[in-house]
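>>> Predicted model and sequence follow; I will ask about them next.
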Amino acid sequence: MQGNRKRDTRPELALRSELHRRGLRYRVDAKPLEGLRCRADIVFRRQKLAVFVDGCFWHGCSEHGTAPRTNASYWTAKIARNVERDQVNGEKLTAAGWSVIRVWEHEVPAVAADRIAQLLKR
Ligand SMILES: [Zn+2]
């Protein structure tokens, strides 16, 4: 979740504006947990919900996450590490009582925002 994660990407901005339109307020690019080396793209601190917007390439989306042909083994290993780190951080957050939602950059922002709003309502 570190490293290749850039903030304010286009899918992120689209999702944020959908959330904002629903009257939801959140922090951007924030650390959900002290002591965990992990920043989430969107954090609902009070409701303990961390949202990650994952790039298809960097996070190994099964639909669009094809590895480049040049240096294929380098990229495959790098992406595998990202996926593993996503999983470990997700588990740590869950263990600390957080909910985690991962949104692919290819997802329709309005649909992802509905998913998040639904979870926050509970
Ligand atoms: Zn994708």
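Received it, and whenever you're ready, just let me know what you need.

>>> Tell me which residue is most central in this protein.
In the chain, the C-alpha nearest the mean C-alpha coordinate belongs to residue 52, at 1.3 Å (Cα atoms, centre = their mean).

>>> isn't there a strand covering that one?
Yes: counting by DSSP: H, G, I helix; E, B strand; the rest coil, one finds residue 52 located in a strand.

>>> Give me the pLDDT value at the residue nearest to it when sequence neighbours are not counted.
Nearest residue to residue 52, sequence neighbours excluded (Cβ to Cβ, 6 or more residues apart in numbering): residue 102, at 4.9 Å. Bear in mind the C-beta positions are built from the backbone N, C-alpha and C, glycine included. According to the prediction, residue 102 has pLDDT 97.

>>> Please name the strands paired to the helix or strand that contains residue 102 in the sheet, noting orientation.
Taking DSSP states H and E as the criterion, residue 102 maps to strand 99-104. According to DSSP bridges, strand 99-104 has the following sheet partners: strand 49-54 (parallel).

>>> and the partner strand, how far from the chain's centre?
How far strand 49-54 lies from its chain's middle: 3 Å, per Cα atoms, centre = their mean, to the nearest Å.

>>> what does stretch 21-38 give?
How far stretch 21-38 lies from its chain's middle: 11 Å, per Cα atoms, centre = their mean.

>>> What are the buried residues along it?
24, 26, 32-33, 38 (16 or more other Cβ atoms under 10 Å).

>>> Might you report the residue contacts of residue 26?
For residue 26, the contact set (Cβ atoms under 8 Å, 6 or more residues apart in numbering) comprises 16, 19, 42-44, 51.

>>> Mark which of these are part of strands, please.
Using DSSP state E, the subset of the contacts of residue 26 located in strands is 42-44, 51.

>>> Which one of those residues sits in the busiest neighbourhood?
The most neighbours of any of the ones in strands among the contacts of residue 26, using other Cβ atoms under 10 Å, belong to residue 51, which has 25 neighbours.

>>> Is the residue of the chain most remote from its centre within a helix or a strand, and which one?
Distance to the chain centre peaks in the chain at residue 70, reaching 26.9 Å (criterion: Cα atoms, centre = their mean). Under the criterion DSSP H and E, no helix or strand holds residue 70.
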